[in-house]
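>>> coords please:
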Amino acid sequence: MLLFALTIFVSAFLLFQVQPVISKAILPWFGGSAGVWNTCMLFFQAALLGGYTYAHWLQGQPAKRQRQIHFVLLGLSLLSLPILPSVAWKPNGGEEPIWRILGLLATTIGLPYFLLSTTSPLLQAWYVRHTKTGIPWRLFALSNAASLAALLTYPVLVEPVLSVPQQAWVWTGVYGLFLVLAGLVAWKFAAADTPAEATEEAPAVPPGLALRALWVALAACASILLLGITTHMTQDVAAIPFLWVIPLAVYLLTFILCFETSKAYHRMVFLPALAVALFFFARLLDNADWSLKVAQNIAMSGGVLFVCCMVCHGELAALKPSPRFLTGYFVSLSLGGALGGLFVGMIAPLLFNAYYELNIGLWLCAALAVIVVARGGLGSTRQKIVFAAMLIAVGAYGAWMIKIKKYEIGGVELAVRNFYGHMHVTVWGSAGEHGAARQLIHGQINHGQQLLDPARRMIPSSYFCRESGAGRASLARTEGVPRKVGIIGLGCGALLGYARKEDDYRLYEINPQVFDIAKKNFTFLTETPAKITEVLGDGRLSLEREAPQNFDLLFMDAFSGDSIPVHLVTREAFDLYARHMKPDAILVVNITNNYLDLSPVVATAAKRLGKIAIEIEDTPHETEEECFISHYALVMSPERYAATPGFRVNSKLLEPRPGFREWTDAFSNLFAIVRR
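Model (predicted):
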């Protein structure tokens, strides 16, 4: 048992530890969007399905052949080490990112991840064959506990200490230990020919198609809810660092509880709890007359996910088959997880113009609860009445969820989504009302607006007012002298309100839908008198390919919702900006964020470059409805700072924080800048 347990623990720990490692390594190449994580999750779930299918197939082979095949694959996986992605996979700009990410992951960690995913079902099957008890489910719970440990230790113990290459090398070293353990287990136990039937009191009945379909549906529902609530929490509630850890930890915890002991899940407790949880969460999503604070919203979202996953995983544990059909059972579970990931990661962005998958997942969970009740039998009249009431309730709940989504996007001018997220255009106020504006919203974050008053529509507002850091940097110019301006992150194009006929603006935007929206729903881009050059692709990667642009002014305002684009504020990124700027140019970094303080990141980079960094905080008066609270960091030469007295008004110099470690492409620590 010790050898089986140790091998499964190490494999499961590596399986989940590599996920944030490889995701963080490739995040800078694909714009830092939440879509990168969802695509990675799709790959991980698909690889898990492949691993479980392989384990199921391998059990049908002669015992000695099992060992031979597994030895060959273990050896071949060495060719993938170390797990550092090749720069050849960097996008050139404008490509569809999903397939490139999947290809990168397949060639970088495909075979090691595949073999790690085979370990738990394969070793459990060998354990059943080699022991007389034939009870492997505690090993399954152990594998989920190891996964949870890997998930929780990464942001606390790994990321703050090790750079990404160091993380990859340490992971590679531990993977070598796994190969030794897996090889030893295969050598000692894979050749055992003890039939599983000998450990059973009666011949096992193969599970039917309907039961297998229920396994798949329950696993898919839990997967959809995991990803759907993760998106809800990280984009609609708050862009708090590592907030995605909470739903994934809840998901794994329910697996552990349900498969460790049959006492954790009681249908008479959790089905009523499910009805209550679904009702109150739908009311929260409806948000017509009820709202919660951020911490309360996170707690409710995590609680709802816990109840839903306890129902899904509890029913899966109750429906587990004879150990003889163990590997087929795991294939069904992994198939459901992969289908859920496929739906959220690829199908939903193409099929929907808003985030419908959470609503669908909640309704599916309610529907599956009705199915499992019906599966228990409806012999008495009372049972039939209860079942009919449940059917009516599920139908009403589905109608409510449709109504919630229609209400959410019904009052907007435009709602679109793609790999980079969900955006909508909405109008606040009426044309004759002071401060009325058309707004571009990404998730729940305003990414710029345009005033509806025709006489004021080219006046920048929201985060780009004249008194903001962006406005003051834009107005620090000499009349009649042309300027070259770069903008990383277009938004609705509000910064173009400061452009003049003699100016040259170069716009970098990774999301093609943003260009379309800026042209069709706003007029900054179409009515500006300046010369405009549009560059589609990640701003940093685009600048890396270009000759020095000699910018007089460069804005870094590229955010996915309220999430920080880490790859745009590293040492390498600031060196790149300096290469493209004139000696007296100004770099303007939008550091407005409710949860993170980017000032030490900018201050440290500015100090190394021999520059001055100042912070400008604009807190508009109550009468300034069109202006928002904003924080900007302006980086410039000491000479430029001395020559512009206006920058010393309502600003403060930024000094590096003692002990703060400069961010690089290989190292960043979000916990170090969380606002206390």
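
>>> now the top helix by length along the chain, how far from the centre of its chain.
When the chain is parsed with DSSP state H, its longest helix is helix 97-130. Relative to the centre of its chain, helix 97-130 is centred 21 Å away, using CA atoms, centre = their mean, to the nearest Å.

>>> From Arg457, how far out is Phe515?
19 Å (CB to CB, to the nearest Å). To be clear about C-beta, it is placed using only N, CA and C from the backbone, and glycine gets the same treatment.

>>> List the buried residues for stretch 107-123?
Residues of stretch 107-123 classed as buried by neighbour count (16 or more other CB atoms under 10 Å): 108-123.

>>> residues touching Cys40, list them.
Contacts for Cys40 (CB atoms under 8 Å, 6 or more residues apart in numbering) come out as 19, 22-23, 26, 101, 105.

>>> which one of the residues you listed is nearest Leu225?
Here the nearest of the contacts of Cys40 to Leu225, counting by CB to CB, is Gln19; it sits at 18.7 Å.

>>> does the nearest residue to Ile101 once chain neighbours are set aside belong to a helix or a strand, and which?
Nearest residue to Ile101, sequence neighbours excluded (CB to CB, 6 or more residues apart in numbering): Thr39, at 4.7 Å. In the assignment (DSSP states H and E), Thr39 maps to helix 34-58.

>>> Also Pro91?
Pro91 is part of no helix or strand when elements are defined by DSSP H and E.

>>> backbone phi and psi for it, please?
The phi and psi values for Pro91, taken as degrees, to the nearest 10, are phi -70, psi 150.

>>> Tell me, how many residues neighbour it?
18 (other CB atoms under 10 Å).

>>> correct me, but it touches Arg540?
No - if you go by CB atoms under 8 Å, Pro91 and Arg540 don't touch, sitting 11.4 Å apart.

>>> Where does pLDDT dip in the stretch 401-550 of the chain?
For the stretch 401-550 of the chain, the stretches with pLDDT under 70 are 408, 410, 431-432.

>>> Doesn't His422 belong to a strand?
Yes - His422: assigned to a strand according to DSSP: H, G, I helix; E, B strand; the rest coil.

>>> Burial check on it, number of neighbours?
Around His422 there are 23 other residues, counting by other CB under 10 Å.

>>> gap between Ile487 and Leu587?
12 Å.

>>> Are there residues contacting both of these two? Which ones?
Common contacts of Ile487 and Leu587 (CB under 8 Å, 6+ apart): Leu554.

>>> before we move on, back to that, moving C-terminal from the longest helix of the chain, which element do we reach first?
That would be, after helix 97-130 and using DSSP H and E, helix 137-153.

>>> Can you name the residues that contact Leu414?
By CB under 8 Å, 6+ apart, the contact set of Leu414 is 424-425, 517, 520-521.

>>> buried subset of those residues?
424-425, 517, 521.

>>> In TSV, list those along with secondary structure.
Compiled in TSV, the buried ones among the contacts of Leu414 are given as follows (three-state DSSP):
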residue	secondary structure
His424	strand
Val425	strand
Ile517	helix
Asn521	coil
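
>>> As CSV, these with distance to Pro349 would be great.
CSV is the format used below for the buried ones among the contacts of Leu414 (distance: CB to CB, whole Å):
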residue, distance to Pro349
His424, 15
Val425, 18
Ile517, 16
Asn521, 20
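
>>> Nearest to Arg579 among those residues?
The shortest approach to Arg579 among the buried ones among the contacts of Leu414 belongs to Ile517, at 30.8 Å (CB to CB).

>>> Just to check, the closest one is in contact with Gly493?
No - using CB under 8 Å, Ile517 makes no contact with Gly493, being 9.3 Å away.

>>> now the helices for the stretch 501-650 of the chain?
512-520, 524-527, 539-545, 571-579, 599-608, 638-643 (DSSP state H, counting those that start in this stretch).

>>> returning to that earlier point: in CSV, list the contacts of Cys40 along with distance to Thr604, neighbour count and pLDDT.
Listed next are these as CSV, based on distance: CB to CB, whole Å; neighbours: other CB atoms under 10 Å; pLDDT from 0 to 100:
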residue, distance to Thr604, neighbour count, pLDDT
Gln19, 29, 22, 85
Ile22, 27, 25, 88
Ser23, 25, 18, 82
Ile26, 25, 21, 84
Ile101, 30, 25, 89
Leu105, 32, 23, 93
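
>>> re the thing from before, looking at the contacts of Leu414, which two lie furthest apart in space?
Using CB to CB, the two most remote members of the contacts of Leu414 are His424 and Lys520, lying 13.3 Å apart.

>>> and Lys64, what element?
Lys64 is part of helix 63-76 when elements are defined by DSSP H and E.

>>> Can you give me the buried ones in that helix?
Going by neighbour count (16+ other CB under 10 Å), the buried part of helix 63-76 is 66-67, 69-70, 74.

>>> Strand partners (parallel or antiparallel) of the biggest strand by length in the chain?
Criterion DSSP state E: the longest strand present in the chain is strand 581-590. In the sheet, strand 581-590 lines up against strand 551-556 (parallel), strand 630-636 (antiparallel) (DSSP bridges).

>>> just how off-centre is it within its chain?
Mean C-alpha position of strand 581-590 versus that of the full chain (CA atoms, centre = their mean) differs by 31 Å.

>>> swap in stretch 147-156?
With CA atoms, centre = their mean, you get 16 Å for stretch 147-156.

>>> Enumerate residues external to it that contact any of its residues.
Residues outside stretch 147-156 that contact it (CB under 8 Å, 6+ apart) are 12-17, 20-21, 241-242, 245, 248-249, 252-253, 256, 670-671.

>>> Can you classify His447 as helix, strand or coil?
Secondary structure assignment for His447 (three-state DSSP): strand.

>>> Out of the buried residues of stretch 107-123, which is nearest to Glu626?
Thr108 (47.5 Å).

>>> Could you double-check that that closest one sits in contact with Ser80?
Yes - counting by CB under 8 Å, Thr108 touches Ser80, with 7.0 Å between them.

>>> hey, what's in contact with both of those two?
With contacts taken as CB under 8 Å, 6+ apart, Thr108 and Ser80 have no neighbour in common.

>>> Need the pLDDT of Ser117.
In this model, Ser117 is scored at 90, pLDDT.

>>> Touching, it and Tyr52? I think so.
Yes - in this structure, Ser117 is within contact of Tyr52 by CB under 8 Å, at 6.8 Å.

>>> and for the two, which residues touch both?
Taking CB under 8 Å, 6+ apart as the criterion, Ser117 and Tyr52 both touch Ser334.

>>> what's the neighbour count on Ala295?
11.

>>> can you give me the helices in the stretch 301-450 of the chain?
Remark: helices assigned in the stretch 301-450 of the chain by DSSP H, counting those that start in this stretch are 326-342, 348-351, 357-375, 381-410.

>>> re the thing from before, check the offset of the helix holding Lys64 from the chain's centre.
35 Å.

>>> Does anything pack onto that helix? Which helices or strands?
helix 34-58, helix 97-130, helix 164-189 (3 or more CB pairs under 8 Å, 6 or more residues apart in numbering; DSSP states H and E).

>>> Leu285: which of those is closest?
Closest of these to Leu285 is helix 34-58, at 18.6 Å (criterion: CB to CB).

>>> what angle separates the closest one from helix 97-130?
Counting by axes from the mean of the first three to the mean of the last three CA atoms, to 10 degrees, helix 34-58 points 30 degrees away from the direction of helix 97-130.

>>> sorry, back to before: between the buried residues of helix 63-76, which sits nearest Gly208?
Within those, proximity to Gly208 (CB to CB) peaks at Gln66, which comes in at 27.3 Å.
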